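Undergrad: all I have is the shape, not the residue letters:
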């Protein structure tokens, strides 16, 4: 039986070993994540997530994960799933949370409870093509974290800073990321 | 029995009425979308989507939607759900698809089939704090659309352009959007 240390449910030995391995072989850190989408009808479509590339190999060992996407009736949909801008908040929430927990773990800080809430403002005149002045995307997104741990308020603030600094989704959204959209040949 | 015209599964009369209403009352277009997140353990956390504000009222009529978020074993997780950067691709896929369909519908173009695939490159040295030079978020995201419709290639290209122009998630990601992250008081 192998013994390993868990901090916040993370195998810290594996975590630090991964960091050492990546230091020696930076190409291990190159990942490609993927999704596909099939339109159903109206505002209803289905996304699927399965395979990815990382640590120098293709991995398709997971069962396919399917996500229903729709709009509420007020936006011409049937409420068959969360809508795309809600999925964006889901992505952001998972990423800030994992980033906070991973970097707390690396510092040896035990987290007892962690929750957060997200709200984004959007003016749909952009989507509807009724105004060139309002942003088409979210105007701003607000996030509030509740952290229970035996640390000071200053240390909690530091964790919130680290969550942002190291979160891929936070940085994808706030820094602006190039997306090329093509017609399949 | 009320008759209504469906194009691509969208009630076009409701769609155009909505546009007229919003032209007269721009405040109808101000929406707030929300999510909450509860950390479970390690890289596993759960996001919930339920209520939103829009068309001048709070709407909490939906059942709560829960999303499991985790990492694959190679990233210290248990594969209990898609990971945050995969959820970002799900969000982007739903938004570009709905944006394409809505604007095709407004032009009276019937779509027979529509699918798309997404791939994003990410160098996890950013997340791990091993390099200040690589972006922490996606370096780039590529999208490929397949459109089946009785229209020319040029019209398909135009739909792909409109999908980008009017998609809130595409614009949130590509333009850079402010996100404030706070400690709950």
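TA: Arrived safely, thanks for sending. Only a predicted model underlies this, so the values are computations on that prediction, with no experimental measurement involved.

Undergrad: I'd like the average pLDDT over the lengthiest helix in chain A.
TA: For chain A, the helix reaching the highest residue count under DSSP state H is reported as helix A:84-106. On average, the pLDDT along helix A:84-106 is 97.

Undergrad: how about the helices in chain A?
TA: Secondary structure of chain A, counting by DSSP H: helices at A:12-24, A:84-106, A:153-166, A:168-175.

Undergrad: in TSV: those helices, plus mean neighbour count.
TA: Every C-beta, even on glycine, is put in place using the N, C-alpha and C of the backbone. Below are the helices of chain A laid out as TSV (neighbours: other Cβ atoms under 10 Å in any protein chain shown):
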stretch	mean neighbour count
helix A:12-24	14
helix A:84-106	27
helix A:153-166	17
helix A:168-175	25
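
Undergrad: put together CSV for the ones you listed, with distance to residue A:71 on each row.
TA: As requested, those are arranged in CSV below (distance: least, Cβ to Cβ, whole Å):
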stretch, distance to residue A:71
helix A:12-24, 40
helix A:84-106, 9
helix A:153-166, 30
helix A:168-175, 21
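
Undergrad: switch the ones you listed over to a markdown table; also include distance to chain B.
TA: A markdown table is the format used below for the helices of chain A (distance: least, Cβ to the nearest Cβ, whole Å):
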| stretch | distance to chain B |
| --- | --- |
| helix A:12-24 | 6 |
| helix A:84-106 | 4 |
| helix A:153-166 | 5 |
| helix A:168-175 | 3 |
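
Undergrad: residue B:94: which of these is closest?
TA: Each of the helices of chain A was scored for nearness to residue B:94 using Cβ to Cβ, and the closest is helix A:84-106 (3.7 Å).

Undergrad: nearest spatial neighbour of residue A:77, skipping sequence neighbours?
TA: What sits nearest to residue A:77 in space, not counting adjacent residues and going by Cβ to Cβ, 6 or more residues apart in numbering or on different chains, is residue A:71, at 3.0 Å.

Undergrad: kindly report the same for residue A:19.
TA: Closest residue to residue A:19 in three dimensions, ignoring its sequence neighbours and counting by Cβ to Cβ, 6+ apart: residue B:128, at 5.6 Å.

Undergrad: which residues touch that neighbour?
TA: Contact criterion Cβ atoms under 8 Å, 6 or more residues apart in numbering or on different chains gives A:18-19, A:22, A:29, A:166 as the residues in contact with residue B:128.

Undergrad: quick one: low-confidence residue ranges for chain A.
TA: Low-confidence segments of chain A, defined by pLDDT under 70, are located at A:1-3.

Undergrad: what about the most centrally placed residue in chain A, distance to residue B:185?
TA: For chain A, the residue whose C-alpha lies nearest the mean C-alpha position (Cα atoms, centre = their mean) is residue A:91; its distance is 3.2 Å. As defined by Cβ to Cβ, to the nearest Å, residue A:91 lies at a distance of 26 Å from residue B:185.

Undergrad: and for residue A:152?
TA: Taking Cβ to Cβ as the measure, residue A:152 falls 15 Å from residue B:185.

Undergrad: the more surrounded of those two?
TA: Neighbours around residue A:152 and residue B:185, counted as other Cβ atoms under 10 Å in any protein chain shown, are more numerous at residue A:152. The numbers are 9 against 5.
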